[in-house]
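Trainee: no FASTA, just this:
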């Protein structure tokens, strides 16, 4: 039996055994503005507890992925200090969503989604390690206007595991972009969040449906269990033993 992560619509990866060197974890926008006290979400909504729910599962996933040498890629959404890369329509939409306090406005963590401000940084609980990749983006998707595809291709990555926020926006958009570029995608349901459960459930159900073609849906526990087996096999090979099939 192939070593795959149990998931719906299909077990991951679609091609058979999971291979660490061909798989990357993509951590979408786990930034202070979205997931920390004093940030954008915390300052203007009551959704911070929801947005912080995936922190522990993500931390466990990252530890397991690092143990087998998987590549870790973080994304950060943010704009230039002068706002020259912020479109009028995005500013309008974010003001509409957050009661007039859109991108570039001030919270106690500085200007919202502005590069160099405290709110733009990854939360300390999930701080990148040396050697991890950070992709700065201006849009929802991690491929639009970034080096993402070049980095994946140059590292021989074919399979992507998505975690982070928000499920219905930046995570969903990134998975759709990845699918269009031929990458195989797994969403870890308990390692992602939205500002409401309704939005998250709707977004997950779209990915879970095999007719949408964007990827498949699993959970962090099953993913970590598969990596534990992968790590065990690697140790046996290092010791000159042949692991059972």
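Mentor: Thanks, I have it. This one's a predicted model, so the numbers in the text were calculated from it and none came from an experiment.
Trainee: Show me where this protein has its strands.
Mentor: 23-28, 71-77, 106-107, 110-111, 133-137, 159-165, 184-193, 216-218 (DSSP state E).
Trainee: could the ones you listed be laid out in TSV, adding mean neighbour count and distance to residue 126?
Mentor: Backbone N, C-alpha and C define where each C-beta goes, glycine included. As requested, the strands of the chain are exported to TSV (neighbours: other C-beta atoms under 10 Å; distance: least, C-beta to C-beta, whole Å):
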stretch	mean neighbour count	distance to residue 126
strand 23-28	26	7
strand 71-77	23	8
strand 106-107	16	20
strand 110-111	20	19
strand 133-137	17	12
strand 159-165	27	9
strand 184-193	25	11
strand 216-218	23	19
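Trainee: and of the ones you listed, who's closest to residue 91?
Mentor: In terms of C-beta to C-beta, the element of these nearest to residue 91 is strand 110-111, at 12.3 Å.
Trainee: how far is the longest helix belonging to the chain from where the chain is centred?
Mentor: Longest helix in the chain, counting residues (DSSP state H): helix 220-238. The chain centre lies 21 Å from the centre of helix 220-238; the measure is C-alpha atoms, centre = their mean, to the nearest Å.
Trainee: coming back round to it: a markdown table for the strands of the chain, including distance to residue 178 and mean pLDDT?
Mentor: Formatted as a markdown table, the strands of the chain follow (distance: least, C-beta to C-beta, whole Å; pLDDT from 0 to 100):
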| stretch | distance to residue 178 | mean pLDDT |
| --- | --- | --- |
| strand 23-28 | 8 | 98 |
| strand 71-77 | 11 | 98 |
| strand 106-107 | 31 | 92 |
| strand 110-111 | 30 | 94 |
| strand 133-137 | 12 | 98 |
| strand 159-165 | 5 | 98 |
| strand 184-193 | 5 | 98 |
| strand 216-218 | 12 | 98 |
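Trainee: Now render the ones you listed as TSV, adding distance to residue 2.
Mentor: Shown next, in TSV, are these (distance: least, C-beta to C-beta, whole Å):
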stretch	distance to residue 2
strand 23-28	14
strand 71-77	21
strand 106-107	47
strand 110-111	47
strand 133-137	28
strand 159-165	13
strand 184-193	13
strand 216-218	14
